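Undergrad: task: produce atomic coordinates for the following.
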Amino acid sequence: MRIREEAAEEETGINLMPLIDMVFLLLIFFLVATTLAQEEREIGVQLPQTSSAVSLSAPPPQLIINIRADGTPIIARKEYTWKQLGDLLVGVARDEPHREILIRADKESRHKYFAAVASICRKAGINETKIGYILETPKPAEVE
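TA: Predicted structure coming up:
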């Protein structure tokens, strides 16, 4: 009877190709997802700044309503009338009751436009809306 030596067996290596493929696919997915999320940010809207904010690690999917300085509501780069906005939000409240609404008003816009969008959200059945702003470090008060 012949006894095999353990050292004489061939060593089998680990095939890393499936792992590398998966890493590249994940990288492409996150690059595309990040690009699509940034399209919702309206470039022409300059947000007001505040001194405190809570940052989220991964924000949930939101419907972003931008308000220009002249009061025009914009969603996904499309302008809406107040009636169209109301109809859209009624549909969102009916189809996706837990979808978050983020209202981003230009810092030069009047408060009445923000209040009008918030009121339309409330009438449509959306109970919670969020306000978009930019965090600003507080400046010390000057003493005369």
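Undergrad: does residue 130 fall in a helix, a strand, or a coil region?
TA: strand (DSSP: H, G, I helix; E, B strand; the rest coil).
Undergrad: pairing-wise in the sheet, spell out the partners of the closest residue to it other than its chain neighbours.
TA: What sits nearest to residue 130 in space, not counting adjacent residues and going by Cβ to Cβ, 6 or more residues apart in numbering, is residue 102, at 4.8 Å. For the C-beta atoms, the positions are set from N, CA and C on the backbone; glycine is no exception. Beta-bridge partners recorded for residue 102 (DSSP bridges): residue 64, residue 130.
Undergrad: is it true that residue 102 touches residue 65?
TA: Yes: Residue 102 is within contact range of residue 65, at 7.0 Å (criterion: Cβ atoms under 8 Å).
Undergrad: the more surrounded of these two?
TA: residue 65 (27 against 15; other Cβ atoms under 10 Å).
Undergrad: quick one: distance of whatever helix or strand residue 84 lives in to the chain centre.
TA: Assigning secondary structure by DSSP states H and E places residue 84 in helix 82-95. In terms of Cα atoms, centre = their mean, to the nearest Å, the centre of helix 82-95 is found 19 Å from the chain centre.
Undergrad: burial measure for the closest residue to residue 46 other than its chain neighbours, as a count.
TA: Leaving aside its chain neighbours, residue 46 sits nearest to residue 107 (5.2 Å; criterion: Cβ to Cβ, 6+ apart). The number of residues packed near residue 107 is 12, by other Cβ under 10 Å.
Undergrad: OK, contacts around residue 107?
TA: Residue 107 sits next to 46-49 when contact means Cβ atoms under 8 Å, 6 or more residues apart in numbering.
Undergrad: narrow these to those in strands?
TA: Using DSSP state E, the subset of the contacts of residue 107 located in strands is residue 49.
Undergrad: so the residue nearest to residue 46, which of the three states?
TA: What three-state DSSP gives for residue 107 is coil.
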